[in-house]
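Participant: here is my input; please provide its structure:
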Amino acid sequence: MIRFENVTKEYRLTRTRSIVALENINLEINRGEFVSVIGPSGSGKSTFLALASLLDKQTNGEIHLNGKRTSLLKDKDRTNLRYELCGFIFQFASLTPALPVIDNVMLPLLLRGEQRKNLEERARTLLSDVGIKEEYVYHQPYQLSGGEQRRVAVARALLKRPAILFADEPTSALDEATAKDLIQLFREINKQGTTIVMVTHNKTLAKEGSGLLEIKNGKFTKR
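Facilitator: A predicted model of the protein is given here:
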């Protein structure tokens, strides 16, 4: 599903100075895996996630996504492939303040031309699955706690039934019980066929997946 071949990502700071975030990475994540990526802050975890999901481009090497070589794709084709395959949970909920909760969940698909009537029932179900009460469905984001906003973001990511779910610290704003509930939800959708790549600092929750990658100083040290 995801294959890195000698992938390096370098950020150039000045004409003479740069930082290597990932160096010569070779790995493969198979369809249906639930892989956790752990490592200290600044180790390259988020960079790896951005490259794997085509949100950023590598400096060298090749990345294959669902069997497609991505380095030669035009930006439009990268965007379409990302939309077709991927769902995202970012470190911050990034909800649209002017829209109620349910519209935030549906917004990405509404912008792609989907009909509201085809989305609303599933959006409500997902909000319930992630622990958002029915009476909160038409609340504005500012009326929710940080943890509740994160749960709305999870529902938004799952609405289109992505083939691959990328999650960047999805439990960071959640209490322990809610975090465990979220990981259980991930395990359930993984059993249904969704490939999951989750970056986390929580080593206990990281072990709930089917695979574990550890990154240090831009290199994966074990699996």
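Participant: tell me the SS of the most centrally placed residue in the chain?
Facilitator: Nearest to the mean C-alpha position of the chain, by Cα atoms, centre = their mean, lies F166 at 2.2 Å. Using DSSP: H, G, I helix; E, B strand; the rest coil, the structure places F166 in strand.
Participant: quick check: it vs Y142, distance?
Facilitator: To Y142, F166 is 26 Å away according to Cβ to Cβ, to the nearest Å. Where you see a C-beta, it was placed from the backbone N, CA and C, and this is true even at glycine.
Participant: the chain: helices as residue ranges?
Facilitator: 45-52, 75-85, 101-111, 116-129, 146-158, 176-191, 203-206 (DSSP state H).
Participant: ok, which of the ones you listed comes nearest Q58?
Facilitator: Checking those against Q58 by Cβ to Cβ gives helix 45-52 as the closest, at 5.5 Å.
Participant: who does that closest one touch, helix- and strand-wise?
Facilitator: Contacts defined by 3 or more Cβ pairs under 8 Å, 6 or more residues apart in numbering; DSSP states H and E place helix 45-52 against strand 2-12, strand 18-29, strand 34-38, strand 60-65, strand 164-168, strand 195-199.
Participant: okay, the ones you listed in JSON lines with mean pLDDT and distance to A98 next?
Facilitator: Shown next, in JSON lines, are these (pLDDT from 0 to 100; distance: least, Cβ to Cβ, whole Å):
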{"stretch": "strand 2-12", "mean pLDDT": "94", "distance to A98": "34"}
{"stretch": "strand 18-29", "mean pLDDT": "92", "distance to A98": "35"}
{"stretch": "strand 34-38", "mean pLDDT": "94", "distance to A98": "34"}
{"stretch": "strand 60-65", "mean pLDDT": "96", "distance to A98": "33"}
{"stretch": "strand 164-168", "mean pLDDT": "94", "distance to A98": "25"}
{"stretch": "strand 195-199", "mean pLDDT": "95", "distance to A98": "29"}
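Participant: could I get those as TSV with distance to R116?
Facilitator: Formatted as TSV, the helices and strands packed on helix 45-52 follow (distance: least, Cβ to Cβ, whole Å):
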stretch	distance to R116
strand 2-12	33
strand 18-29	34
strand 34-38	32
strand 60-65	30
strand 164-168	23
strand 195-199	28
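Participant: so who does the residue nearest to the centre of the chain touch?
Facilitator: Counting by Cβ atoms under 8 Å, 6 or more residues apart in numbering, F166 touches 49, 52-53, 86-89, 197-198.
Participant: need the buried ones from the residues you listed selected in PyMOL.
Facilitator: Provided next is the PyMOL selection string for whichever of these are buried by 16 or more other Cβ atoms under 10 Å:
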select buried, resi 49+52+53+86+87+88+89+197+198
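Participant: distance of N60 from T200?
Facilitator: Distance, N60 to T200, using Cβ to Cβ: 27 Å.
Participant: cool, S210 as well?
Facilitator: 14 Å.
Participant: how about low-confidence regions in the protein?
Facilitator: Within the chain, the segments meeting pLDDT under 70 span 173, 222-223.
Participant: please identify which of S210 and T200 sits among more neighbours.
Facilitator: Neighbour totals were compared for S210 and T200, and T200 leads with 23 against 13 (other Cβ atoms under 10 Å).
Participant: and that one, what does it touch?
Facilitator: The contact partners of T200, taken as Cβ under 8 Å, 6+ apart, are 36-38, 169-171, 206.
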